[in-house]
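[1] what follows is a predicted structure for the sequence shown.
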Amino acid sequence: MSEQKQRVVQEYVPGKQVTLAHVIANPDPILYTKLGLHDAGAIGILTLTPTETSIIAADIATKAADVALGYLDRFTGSLVITGEVAAVEMAMEAINSFLSGKLLYTPALLTRS
């Protein structure tokens, strides 16, 4: 009996978009510990494509508001920022606005929990 092998071809074709923009306001302190972040009042989470956009978004965030970079991964397009709730929201709005207005990205609805 011959064994047939299946071949799977995966292709990643990113669009120009912010796929997630979420603010966690006043998270449980254990979340900061588990993520290795400093307690700051709020956590902002973004995913972006193309993935290198996370670098641009980090620059925009730190210039727009008093936030710190918690995590940035240019290979997955992940960005985590921390700061006071209003500052994190301001930074996230600035990212969405710049990317959609200047670079013609599709923005994400800014959500909050």
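    Received it, and whenever you're ready, just let me know what you need. Residues are numbered from 1 along each chain as shown.
[2] OK, contacts around F75?
    T51 (C-beta atoms under 8 Å, 6 or more residues apart in numbering). Every residue, glycine included, has its C-beta placed from N, CA and C.
[3] hmm, I was thinking of Y105
    K16, Q17, V18, L48, T53, L99.
[4] what is the burial count for the residue nearest to it when sequence neighbours are not counted?
    Nearest non-adjacent residue to Y105, counting by C-beta to C-beta, 6 or more residues apart in numbering: L99, 4.0 Å away. Using other C-beta atoms under 10 Å, L99 is surrounded by 23 other residues.
[5] where's L99 relative to R112, distance?
    Per C-beta to C-beta, to the nearest Å, L99 is found 19 Å from R112.
[6] can I get the buried part of the contacts of Y105 as one ChimeraX selection?
    Applying 16 or more other C-beta atoms under 10 Å to the contacts of Y105, the buried members can be selected in ChimeraX as follows:
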select :17,18,48,53,99
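[7] among the contacts of Y105, which are located in strands?
    Of the contacts of Y105, the ones assigned to strands by DSSP state E are Q17, V18, L48.
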